[in-house]
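*Asks:* Give the three-dimensional model of this entry:
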Amino acid sequence: MAQKNESNRVPEIAVRSLLKSPTVTIRDTYCQGNCRHKSIEECTATTQLVFPYRGVYVRHLGHDQAVAEANQVLFFNATEGYRISHPVQGGDASLTLVISEPLLRELAPSTFLRDSATLAFRQQRRRIDARAQVLVALLGHSLRHNISESLEAESLALTLVRRALGLHTTHGAGASVGRQLLVDRAKLVLTSDLARRWTLAEIATEVRCSPVYLTQVFQQVEALPLYRYQLQLRLARALDLLAKDDDLTTLSLDLGFSSHSHFSAAFRQAYGRSPSEFRRSALRR
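*Replies:* A predicted model of the protein is given here:
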């Protein structure tokens with residue numbers, strides 16, 4: 001019986017290949033998130049762009065760390081050791097893109113790359129905009145449901161990378177270690193319960209600082225107000241769920257919106273289309 005239970009156990013990490021071509025390789029990675037503390041050191045064989053779209057984890061790179069959630073793209077440099085921790089329960093999922101090196105060098109601004117023969121990014125993450133989030137969702141949904149041909153998926157992937165590496169469409173944080181850690185703690189508070197209608201005072205209490213200082217530092221580090229950051233996290237979660245959830249009213253309330261109309265208005269303002277229109281475009285129906 002023990003052997004049977006062991007064989008039926010869900011693996012901690014599951015990787016699903018969605019596309020492999022000479023131009024781009026795309027994979028879905030699901031993690032149960034059971035490791036609360038730092039994992040053993042690991043590395044990738046290729047330089048990758050990783051787009052978290054569900055849940056949250058923290059990537060530790062030397063003395064630096066990055067909170068991986070749906071507002072970010074993370075850069076995993078080839079052979080560079082890192083560790084992963086999951087301070088928030090619930091697991092996570094990410095869309096991973098491996099672009100051929102000549103194309104990636106063409107797409108990436110030179111200021112983003114290290115001065116070395118091996119292609120590597122200077123920073124380990126950048127904040128992406130709403131348009132990039134839509135591209136992540138459309139690319140993932142179309143490949144998972146087998147409704148996108150390789151040429152279309154490759155083109156969409158390159159558009160996503162171009163957007164995620166755009167000088168005017170992404171933001172790279174520049175802050176002291178202390179301020180970055182404060183912002184990271186605030187992000188973990190928000191992602192721990194996306195549906196909760198947090199007050200500023202509650203978040204400030206959780207991260208142990210004053211509300212005024214928190215709003216100032218968050219704006220300086222992320223170039224986005226705290227409330228707006230939370231809204232983008234909620235809407236990104238909606239992009240993930242819309243492919244399988246027909247009840248938009250329940251979805252709205254589950255994500256912390258006051259009503260279906262409130263959710264739809266925020267979704268349209270961010271993504272330029274209604275939730276129903278996005279669902280139809282993602283699933284072609």
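
*Asks:* Can you give me the buried ones in stretch 263-278?
*Replies:* Neighbour counts using 16 or more other C-beta atoms under 10 Å place 263, 264, 266, 267, 270, 271, 275, 278 of stretch 263-278 among the buried residues. Every residue, glycine included, has its C-beta placed from N, CA and C.

*Asks:* How much space separates the second one from residue 36?
*Replies:* Between residue 264 and residue 36 the computed distance is 37 Å (C-beta to C-beta, to the nearest Å).

*Asks:* Return the member of the buried residues of stretch 263-278 nearest to residue 146.
*Replies:* Closest approach to residue 146 among these (C-beta to C-beta): residue 278, at 18.9 Å.

*Asks:* can you pull the pLDDT of the closest residue to residue 86 other than its chain neighbours?
*Replies:* Excluding the flanking residues, the one nearest residue 86 by C-beta to C-beta, 6 or more residues apart in numbering is residue 33, at 3.9 Å. You'll see residue 33 listed with a pLDDT of 91.

*Asks:* how about residue 33, what does it touch?
*Replies:* 55, 57, 86, 88, 89, 90, 91, 92 (C-beta atoms under 8 Å, 6 or more residues apart in numbering).

*Asks:* Which of the three states applies to it?
*Replies:* coil (DSSP: H, G, I helix; E, B strand; the rest coil).

*Asks:* ok, it to residue 43 distance?
*Replies:* Between residue 33 and residue 43 the distance, using C-beta to C-beta, works out to 20 Å.

*Asks:* Equivalent analysis for residue 274, please.
*Replies:* 42 Å.

*Asks:* now residue 66
*Replies:* Taken as C-beta to C-beta, the spacing of residue 66 relative to residue 43 amounts to 16 Å.

*Asks:* Give me the more crowded residue out of the two.
*Replies:* Counting neighbours by other C-beta atoms under 10 Å for residue 66 and for residue 43 shows that residue 66 has the greater number, 22 against 11.

*Asks:* Please tell me I have it right and that one contacts residue 58.
*Replies:* Yes. Between residue 66 and residue 58 there is a contact at 7.1 Å, judged by C-beta atoms under 8 Å.

*Asks:* and for those two, which residues touch both?
*Replies:* Looking at what touches both residue 66 and residue 58 (by C-beta under 8 Å, 6+ apart), there is no common residue.

*Asks:* so where is the stretch 1-150 of the chain shaky, pLDDT-wise?
*Replies:* Within the stretch 1-150 of the chain, the segments meeting pLDDT under 70 span 1-9.

*Asks:* Mind jotting down where the strands sit in it?
*Replies:* If you assign secondary structure with DSSP state E, counting those that start in this stretch, the strands in the stretch 1-150 of the chain sit at 13-20, 24-31, 48-55, 57-61, 64-68, 72-76, 83-85, 92-99, 125-128.

*Asks:* With distance to residue 202 added, can I get those strands in CSV?
*Replies:* Compiled in CSV, the strands of the stretch 1-150 of the chain are given as follows (distance: least, C-beta to C-beta, whole Å):
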stretch, distance to residue 202
strand 13-20, 33
strand 24-31, 28
strand 48-55, 22
strand 57-61, 22
strand 64-68, 19
strand 72-76, 23
strand 83-85, 24
strand 92-99, 24
strand 125-128, 23
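
*Asks:* so which of those gets nearest residue 113?
*Replies:* Once the strands of the stretch 1-150 of the chain are compared by C-beta to C-beta, strand 72-76 is nearest, at 9.9 Å.

*Asks:* Residues in contact with the closest one: which ones?
*Replies:* Here strand 72-76 has contacts from 44, 47-52, 59, 66, 68, 82, 121, 123-128, 132, 164, 170, using C-beta under 8 Å, 6+ apart.

*Asks:* Once you drop chain neighbours, what's closest to residue 226?
*Replies:* With sequence-adjacent residues excluded and distances taken as C-beta to C-beta, 6+ apart, residue 226 is closest to residue 218, at 4.6 Å.

*Asks:* which ones are touching that neighbour?
*Replies:* Under the criterion of C-beta under 8 Å, 6+ apart, the neighbours of residue 218 are 183, 186, 224, 225, 226, 229.
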